[in-house]
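# Sequence and predicted structure are below.
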Amino acid sequence: MAIDRHELWGNLGMDLETHDVLCSVLPQAFGDVYLSQENRPEGMAFWDMVVADVHGIRPQELVDEQAKGRKVFGTFCTYVPDEVVIAADGIVTGLCGGSQFWVPEGEKYLPADMCPLIKASLGARMGKTCPFFRIVDQIVGETTCDGKKKMYEIMAEDVPMYIMNLPNMKRPQDVAAFADEIALFKANVEEVTGNEITVEKLAEAIKVINERRKALARVYETRKNSDVIPISGTDALLMMQIAFFDDPVRCAQMANKLADELEQRLVDGVSVFPAGTKRILLTGTPLAIPNWKLHHIIETSGAAIVCEENCTGTKFFTNLVDESQTTLEGMYQALAERYMKINCACFTPNKTRIDEVLALAKEYKVDGVINTNLKFCTTFKTEAPALEKALEEAGIPVLDIETDYTDNDAEQLRTRIGAFVEMLSE
Amino acid sequence: MDLGERIEQARQENPGVRIDCYVLFESHTDAMQLYELSRAAGLGARISTTPRQARSSCGVALLVSCDEAKAVETIALDSNTPFENIVPLPNQITPHRDVYC
């Protein structure tokens, strides 16, 4: 008999009956999206394994570590500095909900006209159908968008919650304010874990997370090749999605192993798409696991995604934290400077995101950009026209897509994306 | 019935449909071990989720061509890699189904 995870899930207080329904839909979706691909890199076997038992393998590891006294911190956002938690021998796990399965439960507490990521995240916690949401000792929220801020208030009634105050501007005083916020977070993490964060420990944690960034960036670097596309966007997305959940050292090891293989593919001319396949940069809102819809539709419509400019893409690993600091205060500032370079639509102004998308479009030699936002994500939706105007002025075709986690618009998306790809070929 | 007979039965019950074989395991480490041994032997094994039609609980499986299933079974037996069963199923993969989770 296979390892029965029901004891693990039951001990976490999960709703086993409802959770079984979720478990039953994953194999079909995974097969359709991932096993239908040809010539995938061997290195993807690791991520396939993780997702095949996504609510079993890693949750069991986390529970085992908790039994040794370690604490697990759940996060939703690329602005929360993992380094601080790692420095206290804590564990970070991502929590963002990427499944429609959790949305109706979230809508019991939230307005329907709120983005599906927020609704799914709350639904996963309140419905007791995600082990990661049950395992965490503390959730770390942040003041990014209004929807998440208000959702955190509701979630805080059910689970210990710590909120980081993220400034929404990027002036020097805002960066300094975030450095102060990181210092406060350090005190919180020390209190939760019972472990002191020293200069040495934080310096080591900064190195660990920088190594993860470098490894993920190596994989992305191979996608810049104009002649060979060594990995599908759908596979790269899976690597990124799981990076939020995995141990950072193992994540770096596996990403480096994959990068080795992809670099060899470039030498050998091994591409997963036929020559001439149109190259797409996808930008916009995050794609939390298991949200594979848009990638799959695009890559089964004659195009290849070669870069994701979003939180489950370049935002997660671009820019390293300065490793030369020798004091805690210097490290807080270095961390703040790196994290405040992330160009989220919750900031104003956010022209740096437009500049970054234009630069990435050039670096990754794309034929077109697809700008996507989850329904009811006001900030990304509002800045879409400015982004699209800049792309058009640069001569880069752009398609704007608003979607959610449901399957209802799949045919419509196929029609629009197919027409866009056809237009790129003219 | 032995594996060959079960594959043949699945083919007869699903005429015109490709039959794939799923190797089921007790643990993901066994699955990864057999995956690596099978790949090293030049077989086209892939890591997969466990289809519900094969088992009611989730977990890591190995997806292999039924033409290579016997060879994979032999590797597992020779290497003492534990596995639960090899289940032939009609094609489970439909890339344009557009049903996500």
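In hand now; what should we look at?

# So which residues of chain B form strands?
Using DSSP state E, the strands of chain B run over B:19-24, B:46-49, B:60-65, B:85-90.

# Tell me which residues touch residue 82, please.
No chain in the question, so chain A it is. With contact set as C-beta atoms under 8 Å, 6 or more residues apart in numbering or on different chains, A:Asp82 has these partners: A:75, A:92, A:205, A:209, A:248. Heads up, the C-betas are built off the backbone N, CA and C, glycines and all.

# not what I meant, chain B
When contacts are counted by C-beta under 8 Å, 6+ apart, B:Pro82 is found next to B:25-27, B:30, B:76.

# And for A:Val140?
Listed by C-beta under 8 Å, 6+ apart, the contact set of A:Val140 reads A:73-76, A:80, A:161-164, A:185.

# which one of these sits closest to A:Lys293?
Of all the contacts of A:Val140, A:Lys293 sits closest to A:Phe76, with 20.3 Å by C-beta to C-beta.

# To what extent is that closest one buried, counted in neighbours?
26 (other C-beta atoms under 10 Å in any protein chain shown).

# rewinding a little: inside helices: which ones of the contacts of A:Val140?
A:Phe185 (DSSP state H).

# from the contacts of A:Val140, which ones fall inside strands?
Residues of the contacts of A:Val140 located in strands (DSSP E): A:73-75, A:161-164.

# Adding distance to A:Ile297, write those out as TSV.
Listed next are the ones in strands among the contacts of A:Val140 as TSV, based on distance: C-beta to C-beta, whole Å:
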residue	distance to A:Ile297
A:Phe73	34
A:Gly74	30
A:Thr75	29
A:Met161	35
A:Tyr162	37
A:Ile163	36
A:Met164	35
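
# closest to chain B among the residues you listed?
Among those, A:Gly74 lies closest to chain B (C-beta to the nearest C-beta), at 20.8 Å.

# Give me the neighbour count for the nearest residue to the closest one once chain neighbours are set aside.
Leaving aside its sequence neighbours, A:Gly74 sits nearest to A:Val136 (C-beta to C-beta, 6 or more residues apart in numbering or on different chains; 3.7 Å). By the measure other C-beta under 10 Å, the count of residues near A:Val136 is 24.

# Could you report the distance from A:Val136 to chain B?
Separation of A:Val136 from chain B (C-beta to the nearest C-beta, to the nearest Å): 22 Å.

# Same check on A:Asp367?
For A:Asp367, the distance to chain B - C-beta to the nearest C-beta - is 22 Å.

# what sits against that residue?
A:Asp367 touches A:278-280, A:303, A:397, A:424, counting by C-beta under 8 Å, 6+ apart.

# what does chain B put close to chain A?
B:24-28, B:31-32, B:35, B:39, B:46-52, B:55, B:57-61, B:63, B:84, B:92-101 (C-beta under 8 Å from any C-beta of the partner chain).

# could you flag which of those are buried?
B:24-25, B:27-28, B:31-32, B:35, B:46-52, B:55, B:57-61, B:63, B:84, B:92-93, B:98, B:100-101 (16 or more other C-beta atoms under 10 Å in any protein chain shown).

# Which helix runs longest in chain A?
Scanning chain A for the helix with the most residues, using DSSP H, yields helix A:199-222.

# name the helices or strands packed onto it?
helix A:82-87, helix A:233-243, helix A:248-268, helix A:314-317, helix A:328-339 (3 or more C-beta pairs under 8 Å, 6 or more residues apart in numbering or on different chains; DSSP states H and E).

# Can you say which of the ones you listed is nearest to A:Gly147?
Using C-beta to C-beta, the helices and strands packed on helix A:199-222 put helix A:314-317 closest to A:Gly147, at 18.4 Å.

# how far away is A:Phe420 from A:Asp400?
Applying C-beta to C-beta, to the nearest Å, the value for A:Phe420 to A:Asp400 is 10 Å.

# so what sits against both of those two?
Joint contacts of A:Phe420 and A:Asp400 (C-beta under 8 Å, 6+ apart) are A:Ile370.

# the more surrounded of those two?
More crowded of A:Phe420 and A:Asp400, by other C-beta under 10 Å: A:Phe420, with 21 against 16.

# Pull out the buried positions in whatever helix or strand the more buried one lives in.
Per DSSP states H and E: A:Phe420 is located in helix A:410-424. By neighbour count with 16+ other C-beta under 10 Å, helix A:410-424 contains the buried residues A:410, A:413-414, A:416-418, A:420-421, A:424.

# What is it packed up against?
Judged by 3+ C-beta pairs under 8 Å, 6+ apart, the packing partners of helix A:410-424 are helix A:293-299, strand A:303-309, strand A:368-374, strand A:398-403.

# So is the last one next to chain B?
Translated: strand A:398-403. No. Using C-beta under 8 Å from any C-beta, strand A:398-403 stays clear of chain B, with a minimum separation of 11.0 Å.

# what does that strand rub up against?
Identification of contacts with strand A:398-403 by C-beta under 8 Å, 6+ apart yields A:293-294, A:368-375, A:381, A:384, A:387-388, A:391-392, A:409, A:413, A:416-417, A:420.

# returning to that earlier point: which of the contacts of A:Asp82 sits closest to chain B?
Of all the contacts of A:Asp82, A:Pro248 has the smallest distance to chain B: 20.3 Å, by C-beta to the nearest C-beta.

# check contacts around the closest residue to that closest one other than its chain neighbours.
With sequence-adjacent residues excluded and distances taken as C-beta to C-beta, 6+ apart, A:Pro248 is closest to A:Arg212, at 4.6 Å. Contacts for A:Arg212 (C-beta under 8 Å, 6+ apart) come out as A:243, A:248-249, A:251-252, A:255, A:317.

# How about exporting stretch A:233-244 as CSV, limited to the C-alpha atoms?
Extracted in CSV, the C-alpha atoms of stretch A:233-244 (Å, rounded to 0.1, in the frame of the first residue of the first chain):
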residue,chain,number,x,y,z
GLY,A,233,7.7,28.0,-20.1
THR,A,234,5.3,25.6,-18.5
ASP,A,235,8.2,23.6,-17.0
ALA,A,236,10.1,26.8,-16.0
LEU,A,237,6.9,27.9,-14.2
LEU,A,238,6.7,24.7,-12.3
MET,A,239,10.3,25.1,-11.1
MET,A,240,9.5,28.6,-9.9
GLN,A,241,6.2,27.7,-8.3
ILE,A,242,7.8,25.0,-6.2
ALA,A,243,10.8,27.2,-5.3
PHE,A,244,8.4,29.0,-2.9
